[in-house]
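[1] Below are the sequence and a predicted model; questions follow.
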Amino acid sequence: MNAPQIIKTASGEELVVLTKAEYEALLHGFVGDDEDAEDVAIYDARKADMEGSGEVLPTEVSVAILRGDSRLKAIRNWRDVTQMEIATQTNIGQGYLSDLESGRRKGTPETLKLLAEFLDVPVKWIS
């Protein structure tokens, strides 16, 4: 690897210039992060299963949560439904659902139960 070229902007910020090959090598080094997240999710699922809960989040949901999705959004995506589909079939407003997913609002027990039933998951997964 060649020594990177460092350029200083007028504001004092330092920029690094790399060859495309060096840049791609750096990107390649981050490929394992997804695998690590999946490993953590699998470990957590198996650990919960061993503790006898019997209700283990699917690996895809755990990985999405590790990547920053809320549990509700991860489960909705796992079930492959849109907010509008849920809104139409449950009479829960799409905007309200968006607020629940983002954490801006907390759902009532009745709303969470309705969502859990629609998504066919235990209520504790989304509450």
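    On my side now, so go ahead.

[2] can you give me the helices for this structure?
    In the chain, the helices defined using DSSP state H lie at 20-29, 32-50, 59-66, 71-78, 83-90, 94-102, 109-119.

[3] and residue 16, what is it in contact with?
    4-7 (C-beta atoms under 8 Å, 6 or more residues apart in numbering). For every residue, glycine as well, the C-beta is placed using N, CA and C.

[4] switch the cut-off to 10 Å
    Remark: with contacts taken as C-beta atoms under 10 Å, 6 or more residues apart in numbering, residue 16 is in contact with 4-7, 22-23.

[5] ditto for residue 107
    72, 92, 96-97, 99-100, 113-115, 126-127.

[6] how close does it get to residue 22?
    Separation of residue 107 from residue 22 (C-beta to C-beta, to the nearest Å) stands at 48 Å.

[7] and if you look at residue 64?
    Distance from residue 64 to residue 22, by C-beta to C-beta: 32 Å.

[8] Those two: who's more crowded?
    Between residue 64 and residue 22, counting by other C-beta atoms under 10 Å, residue 64 is the more crowded of the two (22 against 14).

[9] residue contacts, the more buried one?
    Per C-beta under 10 Å, 6+ apart, neighbours of residue 64: 37, 41, 57-58, 70-71, 73-78.

[10] Which pLDDT value belongs to it?
    Per-residue confidence (pLDDT) for residue 64: 85.

[11] Same check on residue 117?
    In this model, residue 117 carries a pLDDT of 96.

[12] and which of the contacts of residue 107 is nearest residue 13?
    residue 99 (37.1 Å; C-beta to C-beta).

[13] And the closest residue to the closest one other than its chain neighbours, how far from residue 58?
    In this structure, residue 99 finds its nearest non-sequential neighbour in residue 105, 4.0 Å apart by C-beta to C-beta, 6 or more residues apart in numbering. With distances taken as C-beta to C-beta, residue 105 is found 25 Å from residue 58.

[14] what's the answer for residue 15, then?
    Taking C-beta to C-beta, one finds residue 15 at 42 Å from residue 58.
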